[in-house]
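Peer 1: Mind folding the following:
(2 chains)
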Amino acid sequence: MSAAGTATFISLTRRELLRFRRQPSRILASIGAPAIMGVFFAGGFADSFAPPASTGSAGQPSDYASFVLPGIVTLVAVFSSIFAAMSLIEDRREGFLQSALVSPAPRWSIVGAKAIGGSIIATLQCAIVLLAAPIVAGWPGITGMLLALLAAALAAFAVTSMGLALAWWVNSSDGFHGVMNVILMPMWLLSGAFFPADGATGWMNALMTINPLRWTTDAIRAGITPGAPTPVTAWIVAAAFALGMLALAGAIVGRSTMTARPRTRSRKRPAHD
Amino acid sequence: MTQPGYPVIVNQTDHPESSPAVEITDLRRVYRRRKAPPIVALDGVSITFERGQTLALLGPNGAGKSTLMRIIATLDRPDSGSVRLFGEDPSTGSRAVRTIRSGIGVVFQRHGLDPLLTVEENLINQAALFGFTGAEAKSRSRHAAMDLGVADRLASRVGDLSGGLARRVDLARALLHQPRLLLLDEPTTGLDHSARAAFLGALDQRRAVSDLTIIMSTHLMDEAQRMERVALMNKGQIVSLGTPRELRQSVGGLLVRTNAALAGELESSGLSVRTFGGEAVGAGEADVVLETARQLSQRAAQRDVVSHVHVGPPTLGDAYLTLTGQSLAGEEPGS
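Peer 2: Predicted coordinates for the structure are as follows:
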């Protein structure tokens, strides 16, 4: 990791933050939609939601609003990460990416800036939603809040990296949306955001167990729930999820070339790296 | 950091200054498709040219120009053949690739600028891509903007600029790190006449004060004529290479153009004739052309079948048509 590569990485990360600041609609879409969903779900299910037997005891969410809040944080991370990955497609369409790829800057600095920049933005938005935690679930302490934010950051980084890996291959925003809806929305629905894994039927419980977003949501939930024990398994899976997606993005970007052309010309040979 | 952190092309004992700017040997690139015949984008292209020269790749869409540019820019690899830029072979490894990339600037058909960022922010980002940061990046950005006449728009967002102005900023971006080789891939695509003239004028100014090696792909004759040498490309091959004058003269000293129906008469006058787009074009010795034109003009005056008679020197388009049987718009004869 050369000094010049690091300088490039920092400059391009700054660009991501500038771009975000100059797109108010992106802020609204990333936070507004999940917040509205959270309010509606929390209000709608408040009386009909049957919590697991342990819910309400020490270290467990006391009501549906406090149960669903971590799921909303996860959804903010997912939405924001999708936008971050989509910006890669925009960069390709606008020609910025091609200009970057023809420079001597290492690819890790170009894609890493996307991943980190997108993750910072997603984490900041998660932090805004997490500010509601003390009101909804009670004050978990500064450590709990920070752990929840860290879990959200890991989820954001993992999903952003996964999105970048997909965006590297998909040419259009429409196609990317389709792919992400097929992959990410089921992952989120089975993340334990709306209902606990313990109450799900067998096959769904199994799916939720292998869903890494379920574990990041658990880690967020434990962070904002006063008195909750540290979920070691959840933290291990969350960290592995982030590292795994980073490795996936690195492998795909490192081994392939990206072209501004439509894919009618298939089987492209790798560009020089 | 005030110095570029990436390797740059310098005088090296194994790559002396005498090595040509570009050496391309028997380059071949085929795009294989799943349910369609393969496209042969480059079919045995070979070309060498020296440092400081300017070259136009002239041909219609699909001639292979952009593929050749992408390979020279290290964005694609050939199936076979070799490329050496300033003595460096990009196939030898990532260090060679980075060295080459440090020494080239590229202007693509679509500008490589971020519309949400200001001109200065875009240029500073470009500087960072080449390892320049801090005061050095800022200084280079301002100099590049001044050189291209866009210094007064440094604080403007690129998305607010006209297409022509954005193109000049893009040229500033490509020149910011002072490359030795500038690649221009149909750089005036989408520009109106005045914006195109402004872009080409800015390019001429830069050429006047530097020994920049330039390769420009285009399908426009007037752009190609600005370069010292022109390579005419058709179906993945270079069909002719020379100065614009040499290529024009290869067709003949003068041409006469008239109705396609009079092709036979032109031929009987001893001219070599091609018909295209409802028009017959006769080429030959100047005195023969002039005499034929005089006779046709007389008939035109008598309201004979002659609708028009034009005499003039051949263009690069004529040279292209003569060599390939196609117009620069990619049309076949008779269309």
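Peer 1: Name the nearest residue to A:Leu17, sequence neighbours excluded.
Peer 2: Spatial nearest neighbour of A:Leu17, chain neighbours left out: A:Gly117 (6.0 Å); criterion: C-beta to C-beta, 6 or more residues apart in numbering or on different chains. No exception for glycine: its C-beta is placed from N, CA and C like everyone else's.
Peer 1: ditto for A:Pro231
Peer 2: Distances taken as C-beta to C-beta, 6+ apart place A:Ala222 nearest to A:Pro231, at 4.9 Å, with adjacent residues excluded.
Peer 1: Now for the one you found: which residues touch it?
Peer 2: Going by C-beta atoms under 8 Å, 6 or more residues apart in numbering or on different chains, A:Ala222 touches A:144, A:147-148, A:228-231, A:234.
Peer 1: again, only this time at 10 Å
Peer 2: A:59, A:70, A:140, A:144, A:147-148, A:151, A:228-231, A:234-235 (C-beta atoms under 10 Å, 6 or more residues apart in numbering or on different chains).
Peer 1: pLDDT at it, what is it?
Peer 2: In this prediction, A:Ala222 carries a pLDDT score of 92.
Peer 1: Secondary structure element holding it?
Peer 2: A:Ala222 is part of helix A:212-224, with elements assigned from DSSP states H and E.
Peer 1: Can you classify the residue nearest to A:Leu17 by secondary structure?
Peer 2: helix (DSSP: H, G, I helix; E, B strand; the rest coil).
Peer 1: do you know how far it is from chain B?
Peer 2: A:Gly117 is 12 Å from chain B, where distance means C-beta to the nearest C-beta, to the nearest Å.
Peer 1: List the residues that contact that residue.
Peer 2: A:9, A:12-20, A:84, A:87, A:160.
Peer 1: Counting by contacts, list what whichever strand or helix holds B:Val230 packs against.
Peer 2: B:Val230 is part of strand B:229-234, with elements assigned from DSSP H and E. Helices and strands touching strand B:229-234, by 3 or more C-beta pairs under 10 Å, 6 or more residues apart in numbering or on different chains; DSSP states H and E, are strand B:39-49, strand B:54-58, helix B:65-72, strand B:213-218, helix B:221-224, strand B:237-242, helix B:244-249, helix B:316-324.
Peer 1: and the residue nearest to A:Pro231, how far is that from B:Thr213?
Peer 2: Per C-beta to C-beta, to the nearest Å, A:Ala222 is found 62 Å from B:Thr213.
Peer 1: you'd agree A:Arg15 is up against A:Phe96?
Peer 2: Yes: counting by C-beta atoms under 10 Å, A:Arg15 touches A:Phe96, with 9.1 Å between them.
Peer 1: shared neighbours of the two, anything?
Peer 2: A:87, B:114, B:117, B:122, B:125.
Peer 1: my read is B:Val83 is in a helix, agree?
Peer 2: No: counting by three-state DSSP, B:Val83 falls outside a helix, being strand.
Peer 1: show me what contacts the residue nearest to it when sequence neighbours are not counted?
Peer 2: The shortest distance from B:Val83 to any non-neighbouring residue, by C-beta to C-beta, 6+ apart, is to B:Ile24 (5.3 Å). Contact analysis of B:Ile24 by C-beta under 10 Å, 6+ apart lists B:42, B:45-49, B:68, B:71-72, B:78, B:81-85, B:238.
Peer 1: try 8 Å this time
Peer 2: Listed by C-beta under 8 Å, 6+ apart, the contact set of B:Ile24 reads B:45-48, B:68, B:72, B:81-84.
Peer 1: Which helix or which strand is home to it?
Peer 2: Using DSSP H and E, B:Ile24 maps to strand B:22-31.
Peer 1: Sort out which residues of that strand are buried, please.
Peer 2: For strand B:22-31, burial by neighbour count (16 or more other C-beta atoms under 10 Å in any protein chain shown) applies to B:22-24, B:27, B:29-31.
Peer 1: quick revisit: could you tell me which strands the strand holding B:Val230 is paired with, and in which direction each runs?
Peer 2: Its sheet considered, strand B:229-234 pairs with strand B:54-58 (parallel), strand B:237-242 (antiparallel) by DSSP bridges.
Peer 1: Quick check: buried residues in the last one?
Peer 2: Within strand B:237-242, the residues scored as buried using 16+ other C-beta under 10 Å are B:237-238, B:240-241.
Peer 1: Tell me what angle that strand forms with strand B:39-49.
Peer 2: 30 degrees (axes from the mean of the first three to the mean of the last three C-alpha atoms, to 10 degrees).
Peer 1: what about strand B:237-242, average pLDDT?
Peer 2: Averaged over strand B:237-242, pLDDT sits at 94.
Peer 1: for that strand, the distance to its chain's centre please.
Peer 2: Centroid separation for strand B:237-242 versus its chain: 13 Å, with C-alpha atoms, centre = their mean, to the nearest Å.
Peer 1: Next: stretch A:237-252.
Peer 2: On C-alpha atoms, centre = their mean, the centre of stretch A:237-252 falls 12 Å from the chain's centre.
Peer 1: now swap in stretch A:226-243 and tell me
Peer 2: Counting by C-alpha atoms, centre = their mean, stretch A:226-243 comes out at 15 Å from the chain centroid.
Peer 1: Contacts for it next, please.
Peer 2: With contact meaning C-beta under 8 Å, 6+ apart, stretch A:226-243 is reached by A:58-60, A:137-141, A:144, A:147, A:151, A:154-155, A:157-158, A:161, A:212-213, A:215-216, A:218-219, A:221-222.
Peer 1: again, 6 Å this time
Peer 2: A:58-59, A:138, A:140, A:151, A:154, A:157-158, A:212, A:215-216, A:218-219, A:222 (C-beta atoms under 6 Å, 6 or more residues apart in numbering or on different chains).
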